[in-house]
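S.K.: What follows is a predicted protein model with its sequence.
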Amino acid sequence: MVEHRDRLLALGHEGHVHPDYDAFVRGEKQDILKRFYAGEAADVKKENDYIRAHYAFVVWSDAVLALNHDKNGISGYIGGNTLMELGFAHFHRKKIFLLNPIPQMQYTDEIVACQPTVINGDVGSISMAFSNTPPQPSPYTRGGRKGGMRVYVLGSTKFVHDMVATTEALQELGVDAWIHPDYIEYVETPHHDHYERMMKGEQALVKIENDYIRQHYNGILASDAVLFVNNEKNGVKNYIGGNVLMEMGFAYVNNKKIFLKNGMPENLPYLDEIIAMDPVCLNGDISLLA
């Protein structure tokens with residue numbers, strides 16, 4: 001990363017990396033690296049507030065260059081932390097560049113929906129002609145009662161029926177809970193076009209066409225907390241997918257409370273990122289929010 005930053009500087013760009021990366025290359029702060037690779041990644045990220053620090057750099061910059069080299073047998077690997085950072089950049093309308101092609105991973109649709117430009121290793125091809133259109137405010141109105149903690153309900157689209165039912169159950173408990181109106185349409189409208197297309201593998205296109213990543217970011221900004229419905233999926237108990245990981249990141253950097261309807265997932269490649277954001281597990285008891 002430091003080498004590519006220096007290459008960008010040599011090309012006349014204003015390239016930056018987190019200052020700790022420079023320190024690592026100089027042989028400083030090696031205790032952080034040792035702990036990171038010794039299985040303490042989540043603790044290191046929390047103690048150094050790295051998620052919010054990288055968010056601040058993304059907001060301050062015009063573009064983000066993600067170095068997606070091969071890792072863990074995956075060509076062009078993008079990890080959970082980088083996925084969140086792509087989401088930050090996408091919402092704030094920053095240009096996103098990937099050094100190598102988009103990888104085939106469980107959250108490829110989310111990467112594609114962020115609309116990155118692949119430069120195929122050619123840093124010299126980066127263009128600095130960006131759109132700096134500011135994010136638009138949320139168009140949504142409040143649900144439930146006024147006052148108290150406002151809770152936005154999210155989760156994998158496959159859980160949409162439970163997400164709507166959970167929202168309604170919270171409202172019955174007196175919680176100011178709300179959900180994206182399209183989710184209600186998915187439940188109330190048989191064979192809804194968006195839902196059926198997503199279930200048939202067109203998730204990325206539907207997210208791009210409806211600007212769902214930014215819409216959910218705005219929903220999070222308009223709330224005090226986010227409740228993620230994380231049921232079992234793909235054989236994983238308490239599943240959290242790539243899109244939800246990004247949304248957790250959105251909530252975390254904006255200091256929103258993060259709740260998981262069920263427990264913490266296991267055996268996910270981005271579990272460290274989830275732990276680092278300190279979610280509160282309700283273990284199925286949503287009355288704890290009342």
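M.R.: Done, it's in.

S.K.: roughly how far apart are Ile111 and Leu65?
M.R.: Distance, Ile111 to Leu65, using Cβ to Cβ, to the nearest Å: 15 Å. Bear in mind the C-beta positions are built from the backbone N, C-alpha and C, glycine included.

S.K.: Gly27 now?
M.R.: Distance from Gly27 to Leu65, by Cβ to Cβ: 25 Å.

S.K.: So those two - more neighbours on which side?
M.R.: Leu65 (24 against 7; other Cβ atoms under 10 Å).

S.K.: which element is the more buried one on?
M.R.: Leu65 belongs to strand 63-66 when assigned by DSSP states H and E.

S.K.: same for that strand, what does it pack against?
M.R.: Identification of packing neighbours for strand 63-66 by 3 or more Cβ pairs under 8 Å, 6 or more residues apart in numbering; DSSP states H and E yields helix 80-91, strand 95-98.

S.K.: Tell me which strands the shortest one pairs with, and in which orientation.
M.R.: Spelled out, it's strand 95-98. strand 63-66 (parallel), strand 117-118 (parallel) (DSSP bridges).

S.K.: So which residues make contact with the first one?
M.R.: Strand 63-66 is contacted from outside by 4, 8, 58, 78, 82, 85-86, 89, 94-99, 116, 123, 126, 128, 130, using Cβ atoms under 8 Å, 6 or more residues apart in numbering.

S.K.: Compute the distance from the centre of that strand to the centre of its chain.
M.R.: Centre-to-centre, strand 63-66 and its host chain are 16 Å apart (Cα atoms, centre = their mean, to the nearest Å).

S.K.: what is the rounded mean pLDDT of that strand?
M.R.: Averaged across strand 63-66, pLDDT comes to 96.

S.K.: May I have that strand as PDB, with CA atoms only?
M.R.: Extracted C-alpha coordinates of strand 63-66, given in PDB (Å, rounded to 0.1, in the frame of the first residue of the first chain):
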ATOM      1  CA  ALA A  63     -11.200   8.600  -4.500                       C
ATOM      2  CA  VAL A  64     -10.200   5.200  -3.000                       C
ATOM      3  CA  LEU A  65      -7.800   2.700  -4.500                       C
ATOM      4  CA  ALA A  66      -8.300  -0.800  -3.100                       C
END
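
S.K.: so where do the strands sit in the protein?
M.R.: 63-66, 95-98, 117-118, 150-155, 176-178, 225-229, 257-260, 280-281 (DSSP state E).

S.K.: and those as CSV, adding distance to Lys237?
M.R.: Shown next, in CSV, are the strands of the chain (distance: least, Cβ to Cβ, whole Å):
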stretch, distance to Lys237
strand 63-66, 30
strand 95-98, 32
strand 117-118, 35
strand 150-155, 14
strand 176-178, 24
strand 225-229, 13
strand 257-260, 12
strand 280-281, 12
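
S.K.: ok, for Ile275, nearest residue in space, not its chain neighbours?
M.R.: Setting aside the residues directly before and after it, Ile275 is nearest to Ala42 in space (Cβ to Cβ, 6 or more residues apart in numbering), at 3.9 Å.

S.K.: for Asp22, that is, sorry about that
M.R.: Leaving aside its chain neighbours, Asp22 sits nearest to Val2 (6.1 Å; criterion: Cβ to Cβ, 6+ apart).

S.K.: Report the contact partners of the one you found.
M.R.: 17, 21-22, 25.

S.K.: what residue is smack in the middle of the chain?
M.R.: The centre of the chain sits closest to Met246, judged by Cα atoms, centre = their mean, with a distance of 0.8 Å.

S.K.: Other residues contacting the lowest-mean-pLDDT helix or strand in the chain?
M.R.: Within the chain, no helix or strand scores below helix 193-199, which has a mean of 90 by mean pLDDT, DSSP states H and E. For helix 193-199, the surrounding residues in contact (Cβ under 8 Å, 6+ apart) are 157-158, 160, 182, 186, 205-206, 210.

S.K.: Now do the buried residues in that helix.
M.R.: Going by neighbour count (16 or more other Cβ atoms under 10 Å), the buried part of helix 193-199 is 194-195, 198.

S.K.: Reformat those residues into CSV and put distance to Met149 next to each item.
M.R.: What follows is the buried residues of helix 193-199, written out as CSV (distance: Cβ to Cβ, whole Å):
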residue, distance to Met149
His194, 29
Tyr195, 29
Met198, 30
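
S.K.: for this structure, what spans make up the helices?
M.R.: Along the chain, counting by DSSP state H, helices occupy 2-10, 19-25, 30-35, 41-48, 50-60, 80-91, 108-113, 160-172, 181-188, 193-199, 203-210, 212-221, 242-253, 271-276.
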